[in-house]
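Engineer: A structural model of the following input is requested.
(4 chains)
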Number of protein chains: 2
Amino acid sequence: MNERKIPINLNCGLDLVAAVLYAKWKIRLLWFIHQGFLRPSELQRKIPEASRRVLNIQLKELEGHELVTKKIYPVVPPKVEYTLTEFGKSIIPIISVLGKWGDDNEDRLRSVITK
Amino acid sequence: MNERKIPINLNCGLDLVAAVLYAKWKIRLLWFIHQGFLRPSELQRKIPEASRRVLNIQLKELEGHELVTKKIYPVVPPKVEYTLTEFGKSIIPIISVLGKWGDDNEDRLRSVITK
DNA sequence: GCAATAAGGGATTTTTTTATCCCTATGCAA
DNA sequence: TTGCATAGGGATAAAAAAATCCCTTATTGC
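Structural biologist: Here you go, the predicted model:
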């Protein structure tokens, strides 16, 4: 059905990283899961600008890419928790450094972005 | 004219980073400039999948965000060179680590992406 | 004279991504 | 009994991003 017309590049390491992380909310999702916000509803509250729908979709992709695991508790009302896999955990330090770079350069970034 | 309908998020460091780096080719552009491919035509040859047009646009944005500087040599045929600013250089180590993560996990990434 | 190279931008279309809206189900609280 | 919380997905619309096509300028090489 929805086949992509333009193939994804998988030439180098950076391409591979992009293939799993290049989406509007994925990095934040990983980050918040790492911080202990495991349930979809919690994640949604942490990222209110995102629609519930996309978060579900991107979580499912993260799961498919084995960065997170989904645990469904058979209770009512439903309870679901995502946790980082070891693989997923291995990228957290990099996300952390990225965020730190952003924080450290906040003023400058804010000024060049808004100008 | 082209005003964006959905505002960019600038809440945390990761949002700020996304505001300057979240585009299909920017990270590779920075990386290749760092490697010494300074001229637009060289960059285009390094990233043949990208259209010339988008590379120009993204280079201009990188310049506006003060990550690179553009030098125009008044010669014919025209010669232009982009170089990293100190600010731009400061993010290179992170890109390097990202790429390394991709390289180190190449097999696994390739398999989960293609499955 | 003609093609290639260099750089780049306007106009437009296509592709992709994200948002919006509406639907399911169950149990608890006011 | 109405409303909310939980989780999620289908269908579709809208937005954003990227691709495609065409145009300009001047020089070198054939």
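Engineer: contacting residues for the residue nearest the centre of chain A?
Structural biologist: Residue closest to the mean C-alpha point of chain A, counted by Cα atoms, centre = their mean, is A:K26 at 2.0 Å. Applying Cβ atoms under 8 Å, 6 or more residues apart in numbering or on different chains to A:K26 gives the contacts A:V20, A:Q58, A:E61, A:L62. The way it works is simple: take the backbone N, C-alpha and C, and place the C-beta from them, glycine included.
Engineer: In terms of pLDDT, where does it sit?
Structural biologist: With respect to pLDDT, A:K26 has a value of 97.
Engineer: measure it to DNA strand D for me?
Structural biologist: Distance from A:K26 to DNA strand D, counting by Cβ to the nearest atom of the strand, to the nearest Å: 15 Å.
Engineer: same check, this time on A:R45
Structural biologist: 8 Å.
Engineer: cool, A:C12 as well?
Structural biologist: The value you get for A:C12 to DNA strand D, if Cβ to the nearest atom of the strand is used, is 16 Å.
Engineer: Neighbours of that residue, how many?
Structural biologist: Around A:C12 there are 15 other residues, counting by other Cβ atoms under 10 Å in any protein chain shown.
Engineer: wait, doesn't it sit right on B:E106?
Structural biologist: No - contact status for A:C12 versus B:E106: not in contact, 9.1 Å apart, counting by Cβ atoms under 8 Å.
Engineer: Helix or strand: which one has A:T69?
Structural biologist: Element membership of A:T69, judged by DSSP states H and E, is strand A:68-73.
Engineer: So for the helix or strand that that strand is followed by, mean pLDDT?
Structural biologist: Using DSSP H and E, the helix or strand that directly follows strand A:68-73 along the chain is strand A:79-84. Across strand A:79-84, the average pLDDT comes to 94.
Engineer: what are the pairing partners of strand A:79-84, and which direction each?
Structural biologist: In the sheet, strand A:79-84 lines up against strand A:68-73 (antiparallel) (DSSP bridges).
Engineer: in the partner strand, what's buried?
Structural biologist: Using 16 or more other Cβ atoms under 10 Å in any protein chain shown as the test for burial, strand A:68-73 gives A:V68.
Engineer: Under the pLDDT cut-off, which ranges of chain A? List them.
Structural biologist: Chain A contains residues with pLDDT under 70 at A:1-2.
Engineer: And the residue of it closest to DNA strand C?
Structural biologist: Closest contact between chain A and DNA strand C, by Cβ to the nearest atom of the strand, is at A:K24 (2.9 Å).
Engineer: So for stretch A:50-63, what gets flagged as buried?
Structural biologist: A:A50, A:L55, A:Q58, A:L59, A:L62.
Engineer: Mind checking which of those land in helices?
Structural biologist: Counting by DSSP state H, the buried residues of stretch A:50-63 place A:L55, A:Q58, A:L59, A:L62 in helices.
Engineer: one step back: quick check, nearest of the buried residues of stretch A:50-63 to DNA strand D?
Structural biologist: Using Cβ to the nearest atom of the strand, the buried residues of stretch A:50-63 come closest to DNA strand D at A:L59, 7.0 Å.
Engineer: Now the residue of chain A closest to DNA strand C. Its backbone dihedrals?
Structural biologist: phi -60, psi -40 (degrees, to the nearest 10).
Engineer: Around the residue of chain A found nearest DNA strand D, count how many other residues there are.
Structural biologist: For chain A and DNA strand D, the shortest gap (Cβ to the nearest atom of the strand) falls at A:S41, measuring 2.8 Å. Residues lying near A:S41 (other Cβ under 10 Å) number 12.
Engineer: quick one: it is in a helix?
Structural biologist: Yes - under DSSP: H, G, I helix; E, B strand; the rest coil, A:S41 sits within a helix.
Engineer: Before I go, just wanted to say thanks for your time.
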